[in-house]
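K.L.:
Quick check, what structure comes out for this input:
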Amino acid sequence: MSLIKNIIRKIKQKAIDPIIGELNKITKHQFCLAISIGFLCGIFPIPGTTLFVCFLVRLIIPINLIIAQSINIIVTPLNLLLVPFFFGIGSWLIPFESAIKIEEVIERFKKDFLGALIDCRLNVLQAIGAWLLLAPIFLLFSYFLTFLLLWFIKPKY
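P.N.:
Numbers count the residues shown, from 1 in each chain. Predicted structure coming up:
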């Protein structure tokens, strides 16, 4: 039994305590910004690239990468649900003559993901454009929602 307690103590000492220590060093603004950026990058319209996008944003905006990447991973199901939305909005906001219809794009992605990225590059650019146009709205909304939730949960933070 003491072996299990010793293992748990070591895990807490080496893994959990450093993370909690880092969280105690950041302000409420930094915490909310990291969550918002993690959410925003997590819904980037190309699945599988969100971690890289989050890292690139981290190079521009100084945020806590642990929090941002954690939220990024948590919103993966939402990302998969929003991909058709971004492709549809992108084709509506940024129309290209040679772009493929959204229904055909979805079918191609189901069959061959990488091949569809290459074949549907204009549609992918439209989706990224829609994400870039909607990013400030999503960022502000998620920041203020996080700020309000944090204020209600822990007002003295």
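
K.L.:
packing partners for the strand or helix carrying residue 117?
P.N.:
Secondary structure assignment for residue 117, by DSSP states H and E: helix 113-119. The contact analysis (3 or more Cβ pairs under 8 Å, 6 or more residues apart in numbering; DSSP states H and E) places helix 113-119 against helix 102-111. (Each C-beta comes from the backbone N, C-alpha and C, glycine too.)

K.L.:
same thing but at 10 Å, please
P.N.:
Here helix 113-119 touches helix 102-111, helix 121-153, going by 3 or more Cβ pairs under 10 Å, 6 or more residues apart in numbering; DSSP states H and E.

K.L.:
Just send those helices back as JSON lines, with distance to residue 39 and mean neighbour count too.
P.N.:
As requested, the helices and strands packed on helix 113-119 are exported to JSON lines (distance: least, Cβ to Cβ, whole Å; neighbours: other Cβ atoms under 10 Å):
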{"stretch": "helix 102-111", "distance to residue 39": "23", "mean neighbour count": "15"}
{"stretch": "helix 121-153", "distance to residue 39": "5", "mean neighbour count": "16"}
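
K.L.:
looking at these, which has the lowest confidence?
P.N.:
Ranked by mean pLDDT, the helices and strands packed on helix 113-119 bottom out at helix 102-111, with a mean of 76.
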